[in-house]
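Undergrad: The following block contains a protein sequence and its predicted model.
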Amino acid sequence: MKTAICYYSRHHGNTRKVLEAMALEGETDLIDVTARRAVWLEDYDCVGFASGIYGFTFHKSVADFARQYLPQGKPVFFVYTYGGTKGSGPKAVAEVAQAKGCPVLGEFGCKGYDTFGPFKLIGGISKGHPDSQDLNDARRFFRELQETCHPGGQK
């Protein structure tokens, strides 16, 4: 299964660590949505969207990227890391996918080290995450996703 995962990962690189673990499980291109380049997602079997949780949701640049580049009807999935809570998580990107008639295959989320705002004063929260168990869970999620979606998006 040829997969693209379009992501935003800053601060501690938590989301990128999870995606790199997933990428070990199959033919996967990681696309940084801030790279300022045009992309063509039509040739991928499915497309993932990933972000740390910022203010209880995905970073705005991920939803903007999906609005611009996500093809109609392309199967999608979501990946996120969060310090305290996932909030509404991928809701904005899921709404873009729904508007484009894209089936949602699933989502994966795990804790990530967070030092944003007041958390910095106490040395951060979710220290040590994503840890080896989180990365193993991410790889398992991706393997299961591959079993669900064969080339062409067929089950």
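TA: The structure has been received and is ready for your questions. Residues are numbered from 1 along each chain as shown.
Undergrad: who touches the lowest-mean-pLDDT helix or strand in the chain?
TA: Among the helical and strand segments of the chain, the one scoring lowest on mean pLDDT, DSSP states H and E is strand 57-58, with a mean of 88. Residues from elsewhere that reach strand 57-58, judged by C-beta atoms under 8 Å, 6 or more residues apart in numbering: 8, 49, 51, 78, 80, 87, 88, 89, 90, 91, 92, 93. The C-beta positions use only the backbone N, C-alpha and C, and glycine is treated the same way.
Undergrad: for stretch 33-51, same thing?
TA: Identification of contacts with stretch 33-51 by C-beta under 8 Å, 6+ apart yields 1-9, 15, 18-19, 29, 31, 58-59, 61-62, 64-66, 69-71, 74-80, 90, 93, 105, 145, 149-153.
Undergrad: in it, what's buried?
TA: 33, 39, 41, 44, 45, 46, 47, 48, 49, 50, 51 (16 or more other C-beta atoms under 10 Å).
Undergrad: Farthest-apart pair in these, please.
TA: Spanning the widest gap among the buried residues of stretch 33-51 are 45 and 51, at 21.4 Å by C-beta to C-beta.
Undergrad: quick revisit: so how far is the least confident helix or strand of the chain from its chain's centroid?
TA: Offset of strand 57-58 from its chain centre (C-alpha atoms, centre = their mean, to the nearest Å): 10 Å.
Undergrad: Could you check which helix or strand contains the most centrally placed residue in the chain?
TA: Taking C-alpha atoms, centre = their mean, the centroid of the chain lies closest to residue 50, which sits 1.9 Å from it. For residue 50, the host element (DSSP states H and E) is strand 46-54.
Undergrad: Please identify the helix or strand for the residue nearest to residue 21 when sequence neighbours are not counted.
TA: Ranked by C-beta to C-beta, 6 or more residues apart in numbering and with sequence neighbours excluded, the top spatial neighbour of residue 21 is residue 135, at 4.1 Å. Residue 135 is part of helix 132-148 when elements are defined by DSSP H and E.
Undergrad: Just confirm residue 107 is within a strand.
TA: Yes. Assigned with DSSP: H, G, I helix; E, B strand; the rest coil, residue 107 falls within a strand.
Undergrad: residues in contact with it?
TA: 77, 78, 79, 80, 89, 90.
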